[in-house]
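Peer 1: Sharing a model that was predicted from the sequence below.
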Amino acid sequence: MSPRLFLEGLSTLEQVSIPAAQCRSDLDIPALNALALRSVVSLFEEKEKLFSRRITLTDDGIRREGISRKRTIIALLGLQRLVKSGEPAPVDLASIRAAVLGDTSWVSGLGDLGLLLWFTAECAPEGLEGLLNKWQLETALESYADGHRACSKGLAWFLAGLGHARLACSRTLPDLTDIAVDTYHLLLGNQSECAIFGHAGLPGFFDRPFSKRFGTFADQIYAIYALTTFARAFDIEEPLESALSCANALRALQGEMGQWWFLYDRHTCRVSIRYPVLSFQQDGIAPVGLLALEEATGQNFWDSICKGLSWVAGANELGCDLRNQEQGLIWDSVGPNGRLANYCEAALSFLNVSPEPRPENLRIRHEARPDHFGWLLYAFGKFGLPKASNSS
């Protein structure tokens with residue numbers, strides 16, 4: 001089936017409710033999956049067999065940017081998760097995998113290499129041995145700038161990739177224990193006593209004060225997922241304690257409307273900069289990390305997850321639903337009208353002052369990226385799509 005026909009077919013699906021024990025939000029997760037699927041397919045470039053970097057709504061209509069292999073990989077991770085639930089693939093996944101794996105020139109950092117490992121382990125495990133022969137993992141921590149600087153996101157993606165590789169082919173691959181343990185210790189070194197991860201452990205001279213003290217939400221949630229995957233793959237419990245402490249710290253700092261804020265202070269365990277609040281964090285990477293941790297530990301995070309989903313559905317500062325059914329997209333974020341607001345908030349945070357934002361000073365960023373929808377499907381794809389309508 002062509003992508004166009006598949007998109008038309010999605011309009012015949014009914015929304016269905018999932019059990020209340022899974023989510024008490026009024027947001028229907030199978031319907032959310034259907035919207036994410038419609039979104040990601042609309043970003044597919046048939047000629048290149050890859051996904052666009054992003055699309056933006058302008059006064060002249062939708063503007064598309066060029067293709068992105070990295071974002072295609074994340075989109076494929078989500079689509080693969082949906083297919084495993086029994087749903088049909090909307091596009092030719094095999095040809096997209098071939099296009100991605102046929103050119104790895106985009107791998108420029110430790111995190112990129114980790115994402116490639118992660119993707120290969122989940123979507124093309126038969127290629128893991130060749131991948132490990134091509135890339136020298138034992139020197140990767142020093143070979144790449146984000147490894148040498150101990151960047152939390154890069155370390156987390158690399159550790160997650162190593163974990164998935166071991167889970168996929170533990171008996172046939174070289175022993176990955178030493179490099180995984182080294183990566184784990186570097187990542188753990190970025191976590192403060194109050195459980196928040198800094199952006200980097202060994203930043204450059206000019207960004208040292210910022211990167212060591214502050215960490216983004218992405219730094220936190222990718223670390224949670226990586227620690228959880230590392231614990232599961234190597235059958236050790238210690239990393240779960242660090243993951244749980246970070247997750248509980250984030251939950252305590254979550255906004256009243258379910259916002260996962262932008263930047264955190266690892267010294268004071270406070271939110272430093274709140275905006276922008278990014279949709280892919282609310283309905284994508286936050287559920288990815290927290291659901292993996294819940295599965296590993298039994299600690300329930302659904303209330304926090306559902307508050308984040310409700311924020312996307314309109315229970316937010318602007319009272320606007322970020323799901324655009326007409327365009328078949330979920331918009332990128334809610335943020336300040338200008339950068340000055342963020343600078344002022346950061347300065348006030350040092351004085352322990354947190355003024356409430358005024359709606360007139362906030363706006364929706366009308367962009368969409370395939371990795372957003374990939375992460376969403378990676379988190380919720382196992383719940384499948386709404387049931388087919390029986391109406392004629």
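Peer 2: Structure's in. What do you need? Residues are numbered from 1 along each chain as shown.
Peer 1: check contacts around residue 293.
Peer 2: 224, 225, 228, 240, 243, 244, 247, 299, 301 (CB atoms under 8 Å, 6 or more residues apart in numbering). Every residue, glycine included, has its C-beta placed from N, CA and C.
Peer 1: Grab the nearest non-local neighbour of it.
Peer 2: Leaving out its chain neighbours, the residue that sits closest to residue 293 by CB to CB, 6 or more residues apart in numbering is residue 228, at 5.0 Å.
Peer 1: Same question for residue 42.
Peer 2: residue 328 is the one closest to residue 42 (CB to CB, 6+ apart), at 5.8 Å.
Peer 1: ok, that neighbour - how many residues close by?
Peer 2: 20 (other CB atoms under 10 Å).
Peer 1: how about the residue most central in space within the chain, phi and psi?
Peer 2: For the chain, the residue nearest the mean C-alpha position is residue 285 (3.2 Å; CA atoms, centre = their mean). Residue 285 adopts backbone torsions of phi -70, psi -30, taken as degrees, to the nearest 10.
Peer 1: and it, what does it touch?
Peer 2: Applying CB under 8 Å, 6+ apart, the residues near residue 285 are 218, 221, 222, 225, 375, 379.
Peer 1: So what's the gap between the helix or strand in which the fifth one is found and the chain middle?
Peer 2: When you say that, I think you mean residue 375. Per DSSP states H and E, residue 375 falls inside helix 370-380. Here the centre of helix 370-380 is set off from its chain's centre by 7 Å, with CA atoms, centre = their mean, to the nearest Å.
Peer 1: hmm, who's touching it?
Peer 2: With CB under 8 Å, 6+ apart as the criterion, helix 370-380 contacts 29, 32-33, 36-37, 39-40, 43, 51-52, 54, 68, 70-72, 74-79, 81-82, 279-280, 283-285, 287-288, 291, 330, 332.
Peer 1: Surely residue 53 and residue 69 touch.
Peer 2: No: taking contacts as CB atoms under 8 Å, residue 53 lies outside contact range of residue 69: 9.9 Å.
Peer 1: Check which helices and strands the helix or strand hosting residue 186 is in contact with.
Peer 2: Taking DSSP H and E as the criterion, residue 186 maps to helix 177-188. With contacts taken as 3 or more CB pairs under 8 Å, 6 or more residues apart in numbering; DSSP states H and E, helix 177-188 sits against helix 140-143, helix 152-169, helix 217-234, helix 238-253.
Peer 1: Same list, those helices, but as CSV with distance to residue 101 and mean pLDDT please.
Peer 2: Below are the helices and strands packed on helix 177-188 laid out as CSV (distance: least, CB to CB, whole Å; pLDDT from 0 to 100):
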stretch, distance to residue 101, mean pLDDT
helix 140-143, 19, 95
helix 152-169, 14, 96
helix 217-234, 21, 98
helix 238-253, 29, 98
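Peer 1: Could I get those helices in a markdown table, plus columns for mean neighbour count?
Peer 2: A markdown table is the format used below for those (neighbours: other CB atoms under 10 Å):
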| stretch | mean neighbour count |
| --- | --- |
| helix 140-143 | 16 |
| helix 152-169 | 26 |
| helix 217-234 | 25 |
| helix 238-253 | 19 |
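Peer 1: Just put the ones you listed in TSV and tack on distance to residue 121.
Peer 2: TSV is the format used below for the helices and strands packed on helix 177-188 (distance: least, CB to CB, whole Å):
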stretch	distance to residue 121
helix 140-143	16
helix 152-169	4
helix 217-234	10
helix 238-253	18
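Peer 1: re earlier: residue 53 and residue 69: which has the busier surroundings?
Peer 2: Taking neighbours as other CB under 10 Å, residue 53 and residue 69 compare with residue 69 leading, 21 against 18.
Peer 1: Find the nearest non-adjacent residue to that one, please.
Peer 2: Closest to residue 69 by CB to CB, 6+ apart is residue 106, at 4.6 Å.
Peer 1: Surely that neighbour is in a helix?
Peer 2: No: using DSSP: H, G, I helix; E, B strand; the rest coil, the assignment for residue 106 is coil, not a helix.
Peer 1: what sits against it?
Peer 2: 68, 69, 70, 112.
Peer 1: Cool, thanks, signing off.
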